[in-house]
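Asks: Quick one: sequence and predicted model below, then my questions.
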Amino acid sequence: MQRAPNPVLRAQEGARILIASQAPGNLADVQSKPFADPSGVRLRDWMGVSDEEFYDETRIAIVPMGFCFPGYDAKGGDLPPMKACAPAWRSQILEQLPNIQLILAIGGYAQRWHLGPACSKTLTETVKGWRTHLEGGILPTPHPSWRNNGWLKRNPWFETEVLPELRRRIRTLL
């Protein structure tokens, strides 16, 4: 069943943190609220922020690569973001956010867009280079979905090394 377009993003000019994710999921689409699902709970925990801080668009902008829920694939997983969305609108929106000092590049689509040639061949390699990318104001992360529980178990350094620095940066910017 095809859904009507429902762009789900939040941003205001004063935001200093940008969450660059893939595309809204089903619950985000239904509620017109980004990360309104268990992955959002995990992301807020990773960041060390309350719901109120997370959804304060004057402080944190949430601008996915695809603005609308892309639907499901044959196996029930979310389809990738629509390819036309980011090239058509992303740069224009980001120009309206001049105060961004930290970009959380969540998942491969956001990492390829924001890191360009500095993005490695795999998500793991890209995230392992987090210190170098952070020098440029971009912190690559995996998606906080339960589907990445295996990745998180295989890469415990993400929790012990990356998350403390992420939380420290977030607190400084808020």
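Replies: Noted; the coordinates are in hand.
Asks: Which stretches in the chain count as helices?
Replies: Taking DSSP state H as the test, the helices found in the chain are 26-31, 38-47, 51-54, 85, 91-95, 107-115, 123-128, 130-135, 149-154, 157, 163-173.
Asks: So which elements touch the longest one?
Replies: Using 3 or more CB pairs under 8 Å, 6 or more residues apart in numbering; DSSP states H and E as the contact criterion, the secondary-structure elements in contact with helix 163-173 are helix 38-47, strand 102-106, helix 130-135, strand 138-141. C-beta coordinates here come from the backbone N, C-alpha and C atoms, glycine included.
Asks: For it, list every residue counted as buried.
Replies: 163, 166, 169-170 (16 or more other CB atoms under 10 Å).
Asks: Now residue 11: closest residue in space that isn't a chain neighbour?
Replies: Nearest non-adjacent residue to residue 11, counting by CB to CB, 6 or more residues apart in numbering: residue 61, 3.7 Å away.
Asks: ugh, wrong one, residue 68
Replies: Using CB to CB, 6+ apart and skipping residues adjacent in sequence, the residue nearest residue 68 is residue 5, 5.0 Å away.
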